[in-house]
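> sharing a model prediction with you, sequence too.
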Amino acid sequence: MDKEKEEALARLKTRLMFTVKRRKEVINNSIMERRTAIHRQIRHRRYLYHKFERMQMMAPVSISHVSSSHSPCSEVSNVSSHSHRESDWWERVVLAEFGPQEWLQRFHVSKDTFYLLCNTLKPQFSQSGLLMSPSKLTLPLEKRVAVALIRLATNMDYSLLGELFGESVSTLSQCVREVCDAIIMLLKPLYMHHPGVQELAENARAFHMKWGFPHCVGVLDTLHIPIRSPPPHARDCWSRKGGHSVVMQGVVNAQGCFWDVCVGFPGGTEDATVLQSSELWIMARDGGLSPQPPLLLMGQPVGYVLLGDEGYPLHNWLMKVYPASPQLTTPQCNFNGHLNNCRATIDHAFRRLRGRWQCTHRRSESHLELVPMMALASCVLHNVCEMHGDPFRDEWLEEVRQLECPQPSVTSPAYMDDPNAEQVRSLLCSYFHMQQQGKVPPLEPEPLVAAGVPFPHPYVAPPPPAHGGLLNMP
């Protein structure tokens with residue numbers, strides 16, 4: 001009797017497990033169908049939004065166009081005038097009717113900065129020749145820069161750009177590529193480069209005055225740029241948070257401007273690997289962050305340091321927080337708080353970069369080899385706008401919050417840390433502990449440097465450098 005009950009219970013258990021499994025499959029399939037339907041609706045709404053945006057761009061029509069529609073021959077000329085109005089948006093609307101706010105809204109730069117870019121990039125295009133359109137008409141430099149800025153700022157589809165500017169997709173794609181290359185060749189040496197001795201001292205002074213962190217000359221972090229599904233041989237582009245991406249490593253100063261960028265790694269690459277494959281690693285390894293004679297902190301020689309997160313290895317020039325643990329001492333917790341507060345600089349810089357230049361935030365449909373070039377050009381343009389004080393619209397940040405791209409995080413293993421670097425971190429702990437107690441030790445005075453960064457004068461094209469900056473890529 002007991003044996004029959006056990007067999008009945010076993011059959012019932014098997015049936016229940018099968019029923020639960022089927023139910024889970026039904027629920028999962030329903031969730032996937034619902035998720036697919038939601039994504040389909042999102043894509044459709046984005047299409048409608050871009051279409052509405054394009055209609056807004058092309059909305060202003062001169063009185064002559066309106067009056068001509070009532071002429072006796074209007075029906076005959078409708079087709080030709082329609083295509084003409086769509087292709088002359090740049091000449092008819094932008095150049096003739098755009099004010100400062102419309103200019104900033106469409107191109108994400110001020111009108112003065114736009115023409116500064118045109119004059120600075122002019123030598124590159126005069127040397128490389130003219131870009132020809134399918135109609136064998138040369139595209140003006142200003143029009144080429146406008147195409148590239150709209151693409152970088154809004155990630156607008158090439159088909160919509162083609163309707164606005166009256167050019168083919170291939171012409172516009174080549175235009176974006178050439179303008180980005182010119183920005184890297186001519187603007188990167190002026191606005192984004194490794195700091196010299198005086199600039200390092202100025203960076204350290206700025207970080208200490210703003211955040212109270214001594215000897216800091218930059219904050220380091222990575223940004224994952226979402227991309228479309230890459231070819232099969234690029235499986236490493238899949239990031240830990242899901243989705244395909246390209247990794248960009250950046251270092252910013254106290255003002256939130258980039259002075260080093262390394263981009264082009266697949267999304268599955270760890271932060272430590274990106275760092276060790278970059279020019280920044282070579283610079284620090286060769287003593288680029290160790291001034292001579294060395295600076296002193298509490299009587300001990302300490303060079304300049306960068307601040308990173310847990311994904312980076314600890315070095316005497318790269319500081320990160322102590323791992324979270326109940327055994328952390330008060331000075332160690334105090335150090336973690338100061339470092340995290342100072343690292344807010346790069347979080348703010350990345351938000352402004354993604355807000356103004358949304359090709360670094362929205363999923364890019366460009367070819368995989370063009371994504372790093374567009375990202376590096378966007379970082380250079382970010383510096384240009386920040387240094388020249390171009391307005392920043394809060395609505396750009398709101399768009400970033402609504403379409404937040406997941407940023408994977410990983411902790412670097414302890415064996416990658418430099419044992420000698422703990423002495424520097426312990427010294428900084430002691431410094432902040434004494435500061436908290438009101439016994440702030442004096443820092444070694446640094447050489448005086450001229451404040452500010454030299455900018456090229458607006459509307460004047462500086463001479464081209466002897467050699468252009470290269471994409472800092474593996």
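Done, it's in.

> could you measure from residue 352 over to residue 112?
Here residue 352 is placed at a distance of 19 Å from residue 112 (Cβ to Cβ, to the nearest Å). For every residue, glycine as well, the C-beta is placed using N, CA and C.

> between these two, which has more neighbouring residues?
residue 352 (18 against 14; other Cβ atoms under 10 Å).

> what sits closest to the more buried one if chain neighbours are left out?
residue 392 (6.3 Å; Cβ to Cβ, 6 or more residues apart in numbering).

> so what's the one you found up against?
352, 355, 356, 385 (Cβ atoms under 8 Å, 6 or more residues apart in numbering).

> and the furthest pair within these?
355 and 385 (11.0 Å; Cβ to Cβ).

> now do the buried residues in stretch 89-103.
89, 90, 92, 93, 94, 98, 103 (16 or more other Cβ atoms under 10 Å).

> give me the helix or strand of the protein that scores worst on average pLDDT.
Lowest mean confidence among the helices and strands of the chain (mean pLDDT, DSSP states H and E): helix 63-68, at a mean of 36.

> residue ranges in the chain under the pLDDT threshold?
For the chain, the stretches with pLDDT under 70 are 1, 36-37, 39-88, 126-138, 229-242, 402-409, 413, 415, 440-474.

> strands of that one, start to end?
Per DSSP state E, the chain carries strands over the ranges 216-226, 245-252, 258-266, 296-297, 300-301, 305-307, 318-319.

> and the fourth one, which strands flank it?
For strand 296-297, the paired strands and their directions (DSSP bridges) are strand 300-301 (antiparallel).

> would you mind measuring from the nearest residue to residue 303 once chain neighbours are set aside to residue 376?
Of all residues not flanking residue 303 in the chain, residue 290 sits nearest, at 3.9 Å (Cβ to Cβ, 6+ apart). Look at residue 290 and residue 376: by Cβ to Cβ, they are 27 Å apart.

> comparing these two, which shows the higher neighbour count?
Neighbour totals were compared for residue 290 and residue 376, and residue 376 leads with 26 against 15 (other Cβ under 10 Å).

> correct me, but that one touches residue 187?
No - the criterion here is Cβ atoms under 8 Å, and residue 376 misses it with residue 187 at 10.5 Å.

> okay, now residue 122: neighbour count?
For residue 122, using other Cβ under 10 Å, the count is 16.

> just the helices from the stretch 51-200 of the chain, written as ranges.
Taking DSSP state H, counting those that start in this stretch as the test, the helices found in the stretch 51-200 of the chain are 63-68, 74-87, 89, 95-97, 100-107, 111-128, 141-154, 158-165, 169-182, 188-191, 197-211.

> what does the stretch 301-450 of the chain give?
Using DSSP H, counting those that start in this stretch, helices in the stretch 301-450 of the chain cover 330-356, 371-387, 394-402, 421-436.

> got a list of what residue 210 touches?
Residues in contact with residue 210 (Cβ under 8 Å, 6+ apart) are residue 254.

> for residue 399, give its distance to residue 385.
17 Å.

> next, count neighbours for residue 372.
The burial count for residue 372: 22, using other Cβ under 10 Å.

> so what's it closest to, chain neighbours aside?
Here the residue nearest residue 372, using Cβ to Cβ, 6+ apart, is residue 264, at 3.9 Å.

> same thing with residue 354?
That would be residue 361: by Cβ to Cβ, 6+ apart, it lies 3.7 Å from residue 354.

> for that neighbour, give me phi and psi.
phi -120, psi -40 (degrees, to the nearest 10).
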